[in-house]
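Enquirer: give the three-dimensional model of this entry:
(chains A and B)
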Protein chains: 2
Amino acid sequence: MTRPQTTQLLEGKKSAAAIREEAAAMVQELRAAGTVPGLALVLATADESAAWYTRAIARAGEKVGIDVRVERLADDASADVVRSALQRLSADDTVHGIILQTPLPPGVDGVEVAIAIAPEKDVDGGNPVSIGRLTAGLPAFAPATAAGVMRILDDHGVELAGRRVVVVGRSLVVGKPAAMLLLARDATVTICHSRTRDLAARTSEAEVLVAAVGRPRMIGAEHVGAGAVVIDVGTTPDEDGNLVGDVDAEAVTGHAGALTPVPGGVGPVTTALLLLNTVTAAARAAG
Amino acid sequence: MTRPQTTQLLEGKKSAAAIREEAAAMVQELRAAGTVPGLALVLATADESAAWYTRAIARAGEKVGIDVRVERLADDASADVVRSALQRLSADDTVHGIILQTPLPPGVDGVEVAIAIAPEKDVDGGNPVSIGRLTAGLPAFAPATAAGVMRILDDHGVELAGRRVVVVGRSLVVGKPAAMLLLARDATVTICHSRTRDLAARTSEAEVLVAAVGRPRMIGAEHVGAGAVVIDVGTTPDEDGNLVGDVDAEAVTGHAGALTPVPGGVGPVTTALLLLNTVTAAARAAG
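Expert: Below you'll find the model as predicted:
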């Protein structure tokens, strides 16, 4: 912790707008050629923030010209029911992208059922086949949040090659795929998690720190090296329904070199990428 | 580099023998029940060390009672030819394990063709589907070398949870899957590679160091923290055909806490695991 410095705010709004514009332009071309890109959102929960997020994606998708359909399943649907919905949508020619929302009903394993999503429609990279292809460097949709992290780093010109990047969190939807994407960009990547000893010592060594844990404000100034670029993936709703990041923004400001805000950082970029992925899938299916 | 200490030799022979014994016992049961475990080794190269390694696996397999078949393809076989051989073997009920040897003919991408290996017969974890399932924590065969690293650590009681493990090398056959396996065991994992800045500083922070680069003796004393456990995955043949590891064993002895020898460390364990995986695949197919 050296002298205070200006912490650059890495906002996601501009990136998100540019991605949506790209998607909208592709949709126009596709529609002109007779293809209407279709996105299916599968919702098997009564969780309010999932419902809210689903509506937000649906609205954003419709704005860029995607035909969005929400498939509501019972919040106690069995794995078989979820799986057959995913299989049916995978076989449906009017659907180009499929997103399985979380949380899932008790006892339903998200990865096990995501195997039923056709890889070419797996726009949120939830099928382990997508993860495997991503790890192997083959074409695949990355989990949108991990891709959002990369996009926000790229759009702000953050160099990655040879640099020390620490990812906190080892989930299949963010931590692991983000580590693979960062590795593909020649970063030296460390993955920390709940069992990491002396977390602050590990994370403060990072030139770029990606926090993807889902524990509000767990990353404080002691976790951040002076001048480090900090990407906050956390979006936990507080009692008032406001999204709270994994990073204590107040504590880190004036110490980190750059920080993504929550909300307004990785989140909007992620949503926009889901739309672009859907349109890309539609273009591949059409072409 | 503190005072000299005794460097424990982490030999793989005992582990390999135990694995082979386990495999042989399973083969006996399977044969008694009418199933002969079959392993197909696909060889599309004139490379001598590949031929040597293939013969070694074949001999070891026959010793435990596996029916081993070597499928020789031209050393200029096209991707399509390799792919159809793998598809044919995947559909063959007498084959339970398929290993695609490297090097492959020029222009043939190993990962692209490995997609043709049925996941349930992918005993060396080369299909990206296997990598994806492994990353997702679903049942899958891990690349045998990565599994060999874990086995040798376990058989010597090396603790992993919460410890700093550095993997040098990011290949799909060792570095990446080893990182995922180590992460699943709660290690804090750093992946280094050719673009890592100040490699010695990064690797010497490791409590457990896994060298999987394929560059003879590139890891010297300056890369190793005093007392660290060093796993040497490298097996590069020298001019006399002797296998040379990634670690300069002479330089590291008396400084590292433990070191796997080359040859006689990870190698024999890897070969034995390929056999056990084949027998496991046969048992699943039979059961």
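Enquirer: taking chain A, what residue is nearest to chain B?
Expert: A:Gly132 (2.6 Å; Cβ to the nearest Cβ). No exception for glycine: its C-beta is placed from N, CA and C like everyone else's.
Enquirer: contacting residues for that residue?
Expert: Residues counted as contacts of A:Gly132 (Cβ atoms under 8 Å, 6 or more residues apart in numbering or on different chains) are A:140, B:127-133, B:135.
Enquirer: now A:Pro4
Expert: Counting by Cβ under 8 Å, 6+ apart, A:Pro4 touches A:254-255.
Enquirer: helix or strand for it, which one?
Expert: If you go by DSSP states H and E, A:Pro4 is not part of any helix or strand.
Enquirer: which pLDDT value belongs to it?
Expert: A:Pro4 carries a pLDDT value of 70.
Enquirer: could you do A:Ala32 as well?
Expert: Reading off the model, A:Ala32 has pLDDT 98.
Enquirer: likewise for A:Ser49?
Expert: A:Ser49 carries a pLDDT value of 87.
Enquirer: go ahead and confirm it touches A:Pro237.
Expert: Yes. With contact defined as Cβ atoms under 8 Å, A:Ser49 and A:Pro237 form a contacting pair (5.2 Å).
Enquirer: got phi/psi on the closest residue to the residue of chain A closest to chain B other than its chain neighbours?
Expert: Nearest residue to A:Gly132, sequence neighbours excluded (Cβ to Cβ, 6 or more residues apart in numbering or on different chains): B:Gly132, at 2.6 Å. Main-chain torsions, B:Gly132, degrees, to the nearest 10: phi -60, psi -50.
Enquirer: over to A:Ile152?
Expert: Main-chain torsions, A:Ile152, degrees, to the nearest 10: phi -70, psi -40.
Enquirer: how much space between it and A:Cys192?
Expert: Using Cβ to Cβ, to the nearest Å, we find A:Ile152 at a distance of 20 Å from A:Cys192.
Enquirer: what about A:Ile99, which SS state?
Expert: Using DSSP: H, G, I helix; E, B strand; the rest coil, the structure places A:Ile99 in strand.
Enquirer: partners of it in the sheet?
Expert: According to DSSP bridges, the residues that bridge with A:Ile99 are A:Leu41.
Enquirer: so what's it up against?
Expert: Contacts for A:Ile99 (Cβ under 8 Å, 6+ apart) come out as A:39-42, A:57, A:123-124, A:126, A:274.
Enquirer: residue numbers of chain A in contact with chain B?
Expert: Residues of chain A lying near chain B by Cβ under 8 Å from any Cβ of the partner chain: A:111-112, A:127-133, A:135-138, A:161-164, A:170, A:172, A:176, A:179-180, A:183, A:186, A:188-193, A:195-197, A:202.
Enquirer: now restrict these to buried residues only.
Expert: A:111, A:127-133, A:135-136, A:162-164, A:170, A:172, A:176, A:179-180, A:183, A:186, A:188-193, A:195-196, A:202 (16 or more other Cβ atoms under 10 Å in any protein chain shown).
Enquirer: mind listing which of these are in helices?
Expert: Counting by DSSP state H, the part of those found in helices is A:111, A:128-133, A:135, A:176, A:179-180, A:183, A:202.
Enquirer: which one of the residues you listed is nearest A:His96?
Expert: Nearest to A:His96 among these: A:Ser130, at 15.0 Å, using Cβ to Cβ.
Enquirer: if I pick the closest one, what's in contact with it?
Expert: A:119, A:122, A:140-143, B:132.
Enquirer: including secondary structure, distance to B:Pro103 and pLDDT, could the residues you listed go into CSV?
Expert: As requested, these are exported to CSV (DSSP: H, G, I helix; E, B strand; the rest coil; distance: Cβ to Cβ, whole Å; pLDDT from 0 to 100):
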residue, secondary structure, distance to B:Pro103, pLDDT
A:Pro119, helix, 28, 97
A:Asp122, coil, 32, 98
A:Ala140, coil, 25, 97
A:Phe141, coil, 31, 98
A:Ala142, coil, 29, 98
A:Pro143, coil, 33, 98
B:Gly132, helix, 25, 97
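Enquirer: distance to B:Met26 added to these, as JSON lines?
Expert: Below are these laid out as JSON lines (distance: Cβ to Cβ, whole Å):
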{"residue": "A:Pro119", "distance to B:Met26": "34"}
{"residue": "A:Asp122", "distance to B:Met26": "36"}
{"residue": "A:Ala140", "distance to B:Met26": "35"}
{"residue": "A:Phe141", "distance to B:Met26": "39"}
{"residue": "A:Ala142", "distance to B:Met26": "39"}
{"residue": "A:Pro143", "distance to B:Met26": "38"}
{"residue": "B:Gly132", "distance to B:Met26": "27"}
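Enquirer: quick one, what contacts A:Gly220?
Expert: A:Gly220 touches A:248, A:251-252, counting by Cβ under 8 Å, 6+ apart.
Enquirer: now it: how far from B:Leu43?
Expert: 56 Å.
Enquirer: ok, now A:Val224?
Expert: In this view, A:Val224 and B:Leu43 are 52 Å apart by Cβ to Cβ.
Enquirer: same check on A:Asn242?
Expert: With the distance defined as Cβ to Cβ, A:Asn242 ends up 61 Å from B:Leu43.
Enquirer: next one: A:Pro106
Expert: Distance of A:Pro106 to B:Leu43, given as Cβ to Cβ: 49 Å.
Enquirer: the two: which has the busier surroundings?
Expert: Between A:Pro106 and B:Leu43, counted using other Cβ atoms under 10 Å in any protein chain shown, B:Leu43 has the larger neighbour count: 21 against 7.
Enquirer: tell me how far the more buried one lies from chain A.
Expert: Per Cβ to the nearest Cβ, to the nearest Å, B:Leu43 is found 22 Å from chain A.
Enquirer: identify the residues contacting that residue.
Expert: Listed by Cβ under 8 Å, 6+ apart, the contact partners of B:Leu43 are B:50-51, B:54, B:70-73, B:101.
Enquirer: show me which of those is closest to B:Val262.
Expert: Nearest to B:Val262 out of the contacts of B:Leu43 is B:Ala50 (Cβ to Cβ; 18.0 Å).
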